[in-house]
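got a predicted model here, sequence first, then my questions.
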Amino acid sequence: MPETILCKRCGQRRARRACPALQADICAICCGTEREVSISCPLECEYLREAHLREKSLPVDPKNVAHQDIEVSEEFLNEHEELLLFSIYSLLQAALRTPGAVDSDALEALDALIKTRRTAEAGLIYESRPENAIAAAVQRAFSDSLADYDKIRIEREGLLAPMRDKDILGVLIFLSRFGQQNLNGRPKGRLFLDVLSRMTPQQRIDERAPSIIL
């Protein structure tokens with residue numbers, strides 16, 4: 001009889017699934033209970049993506065919606081569709097290229113960028129930085145991508161001025177609210193990042209992929 005392979009995680013039950021995070025086989029129970037809790041699951045894991053499609057995100061208290069004093073209308077998003085699509089892709093890539101980054105890091109990076117833009121709107125120059133080193137790395141990468149996009153946009157369209165802080169702020173606030181609506185509450189949860197990945201033209205998830213300019 002073939003040797004029974006035990007779960008790498010618990011060492012008790014029969015291993016039935018290949019876990020790309022542990023690079024070993026684990027049982028279905030450990031996969032379900034430890035997924036994005038003690039195991040940092042990569043987005044290319046088929047079991048993670050299937051779980052994300054089935055699970056419900058945490059409800060958002062209307063009182064806790066990010067930056068309620070600023071309206072982001074559907075008309076605004078339609079008018080700035082290219083910026084929105086680029087921001088979705090760039091935020092995703094910034095998180096995927098930052099080791100250990102999860103949904104909460106992406107949201108923290110967004111919050112810091114929003115505070116920076118709101119300060120600029122008020123006529124002050126002050127860059128907010130997350131205390132969390134991972135979130136700060138995501139913020140830097142995402143901010144650099146936005147700056148590169150603006151340069152390309154100016155050259156391509158022969159513009160004389162960069163994007164308005166107000167327009168960037170609207171897109172960032174939309175992403176922040178969208179992120180709030182797509183959290184599963186797991187410590188290492190990446191539901192938000194997974195949803196973003198399904199909104200990009202990528203055919204597969206590659207956490208080493210370089211950023212692109214649309």
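Arrived safely.

where do the helices sit along this structure?
Using DSSP state H, the helices of the chain run over 28-34, 46-54, 74-79, 81-96, 103-121, 133-157, 165-180, 191-197.

contacting residues for residue 181?
57, 60 (CB atoms under 8 Å, 6 or more residues apart in numbering). Using the backbone N, CA and C atoms, a C-beta is placed for each residue, glycine as well.

and the most centrally placed residue in the chain, what's its pLDDT?
Taking CA atoms, centre = their mean, the centroid of the chain lies closest to residue 193, which sits 3.7 Å from it. pLDDT for residue 193: 97.

quick check, it in contact with residue 43.
Yes. Look at residue 193 against residue 43 with CB atoms under 8 Å: they come within range, at 6.5 Å.

need the overlap of contacts for these two.
residue 96.

low pLDDT regions in this structure?
Residue ranges of the chain with pLDDT under 70: 1-2, 122-123, 160, 201-214.

what does stretch 39-53 rub up against?
9, 17, 19-22, 31-32, 35-36, 96, 100, 102, 184, 188, 190-191, 193-195, 197, 204-207.

try 7 Å
17, 19-22, 31, 35, 100, 188, 190-191, 193-194, 197, 205, 207 (CB atoms under 7 Å, 6 or more residues apart in numbering).

repeat that for stretch 60-69.
114, 173, 176, 177, 180, 181.

6 Å instead?
Contacts of stretch 60-69 from elsewhere in the structure, counted by CB atoms under 6 Å, 6 or more residues apart in numbering, are 173, 176, 177, 180, 181.

any of the contacts of stretch 39-53 buried? List them.
Among the contacts of stretch 39-53, those buried by neighbour count (16 or more other CB atoms under 10 Å) are 17, 19, 21-22, 31, 35, 188, 190-191, 193-194, 197, 205.

re the thing from before, what subset of the contacts of stretch 60-69 is buried?
Buried among these (16+ other CB under 10 Å): 173, 176, 177, 180.

and those, which is closest to residue 140?
Distance to residue 140, by CB to CB, is smallest for residue 176 among these, at 17.6 Å.

my guess is the closest one contacts residue 108, does it?
No. Between residue 176 and residue 108 there is no contact under CB atoms under 6 Å: 10.1 Å.
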